[in-house]
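1. mind looking at a prediction? Sequence and model below.
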Amino acid sequence: MVSESSADFPPPGGSGDFPRPGALPYLTVPRAHEAIEWYTRVFGASLTAEPVVMDDGRVGHAELRFPSGMIYLADEFPELGLTAPQEGAVSVSLMLEVADTDTVLTRARLAGGSVERWINEAHGHRNATLLDPFGHRWMLVGPLTGKLPPPRE
């Protein structure tokens, strides 16, 4: 399920124009195959390679490249102490730089994400915060537009 848009990004690894950062988010999610599809469709991410699928069907490792970063993710492995966030218990927020905050927030909301903070312009960016269907909080950060935010739906 490698996205065709993956050709738009340089190859992964420590060489070339896209070195991996020193710290990289590794998310544990329920339903990893669904999460991969959601992040690809909503945020424009692309798989760097096919996910590593364990004998029991769970995703053991997947790498998703975003236009401005990268994450790893895997299904829950409670036997290893790896569980997804529980409702109301998010401990980490992921900041994602986007070209158009309004468009990405709308796409996320229509795909089942829940808005935690509506669009606003502060600190030099157009911001919004959402919770994805897999329990992770995303802080969208885009360029200022000088426009009033659209009415909250």
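-> In hand now; what should we look at? Numbers count the residues shown, from 1 in each chain.
2. only C-alpha atoms for contact and neighbour calcs from this point on.
-> OK.
3. so which residues of the chain form strands?
-> Per DSSP state E, the chain carries strands over the ranges 26-29, 46-47, 52-53, 59-66, 69-75, 93-97, 114-122, 125-131, 137-142.
4. how about a markdown table for those strands, with mean pLDDT added?
-> Below are the strands of the chain laid out as a markdown table (pLDDT from 0 to 100):
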| stretch | mean pLDDT |
| --- | --- |
| strand 26-29 | 97 |
| strand 46-47 | 97 |
| strand 52-53 | 98 |
| strand 59-66 | 97 |
| strand 69-75 | 95 |
| strand 93-97 | 94 |
| strand 114-122 | 96 |
| strand 125-131 | 97 |
| strand 137-142 | 96 |
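5. would you point to the one among the ones you listed that's packed deepest?
-> Highest mean neighbour count of the strands of the chain: strand 46-47, a mean of 25 (counted as mean count of other CA atoms under 10 Å).
6. quick check: chain neighbours aside, which residue is closest to the residue most central in space within the chain?
-> Nearest residue to the geometric centre of the chain (CA atoms, centre = their mean): Tyr39, 5.2 Å. Nearest residue to Tyr39, sequence neighbours excluded (CA to CA, 6 or more residues apart in numbering): Ala45, at 5.8 Å.
7. got a list of what that neighbour touches?
-> 39, 64-67 (CA atoms under 8 Å, 6 or more residues apart in numbering).
8. kind regards, and thank you for your time.
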